[in-house]
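Chemist: Everything below, folded, please.
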Amino acid sequence: MNIQIFGTKKCRETAKALRFFKERGVKVHNVDLAEKGMSRGELSSVARSVPYEDLIDKDGKEYSRMNLQYIKHDIEKVLLENPLLIKTPIVRNGNSATSGYASEIWKGWIAAEKG
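Modeler: Here you go, the predicted structure:
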């Protein structure tokens, strides 16, 4: 199992996701979006499981600060240039991904791995 978690240090949901996998003995690769954004390939991979529109944190400070609710925009470009707009945590497992805290889906991944 190759789990990658994208989030920020201040995000409670990201902390919960990290704890979820740690409690189950699953190693994760944690990426802090405040330090390093997602690459175009990573974002495209996530978007196969989670639509771009669902990746934007419309309740976050960045979204309202940038007035994106009033501006038509290229979502992929905006997310690549402003990683703090991404709804966290983004959890990737191979070609599958989730946005936000999704423990039921993650339990399924772990169960499938154990076979």
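Chemist: Run the chain-centre distance for the lowest-mean-pLDDT helix or strand in the chain.
Modeler: Least confident element among the helices and strands of the chain, by mean pLDDT, DSSP states H and E: helix 61-65 (a mean of 82). Centroid displacement of helix 61-65 relative to its chain, using CA atoms, centre = their mean, to the nearest Å, is 17 Å.
Chemist: Also stretch 84-95?
Modeler: Chain-centre distance of stretch 84-95: 1 Å, with CA atoms, centre = their mean.
Chemist: and that stretch, which residues are buried?
Modeler: For stretch 84-95, burial by neighbour count (16 or more other CB atoms under 10 Å) applies to Leu84, Leu85, Ile86, Lys87, Thr88, Pro89, Ile90, Val91, Arg92, Asn93. Where you see a C-beta, it was placed from the backbone N, CA and C, and this is true even at glycine.
Chemist: I'd like to know which of the residues you listed are part of strands.
Modeler: Judged by DSSP state E, the buried residues of stretch 84-95 include Ile90, Val91, Arg92, Asn93 as members of strands.
Chemist: related to what we said a few turns ago, ok, so of the buried residues of stretch 84-95, who is nearest Asp74?
Modeler: Leu85 (12.6 Å; CB to CB).
Chemist: show me what contacts that closest one?
Modeler: For Leu85, the contact set (CB atoms under 8 Å, 6 or more residues apart in numbering) comprises Ile56, Asp57, Gly60, Glu62, Tyr63, Met66, Leu68, Val78, Leu79.
Chemist: which one of the residues you listed is nearest Arg40?
Modeler: Of these, the one sitting nearest to Arg40 (CB to CB) turns out to be Leu79, at 9.9 Å.
Chemist: circling back to that earlier point, with the ones in strands among the buried residues of stretch 84-95 in mind, which one is nearest to Leu18?
Modeler: Ranked by distance to Leu18 (CB to CB), those are led by Val91 at 9.8 Å.
Chemist: Would you format the buried residues of stretch 84-95 as CSV with pLDDT and distance to Ala34 included?
Modeler: Output for the buried residues of stretch 84-95, formatted as CSV (pLDDT from 0 to 100; distance: CB to CB, whole Å):
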residue, pLDDT, distance to Ala34
Leu84, 91, 7
Leu85, 91, 12
Ile86, 94, 11
Lys87, 94, 15
Thr88, 95, 10
Pro89, 97, 13
Ile90, 97, 14
Val91, 98, 17
Arg92, 97, 18
Asn93, 96, 23
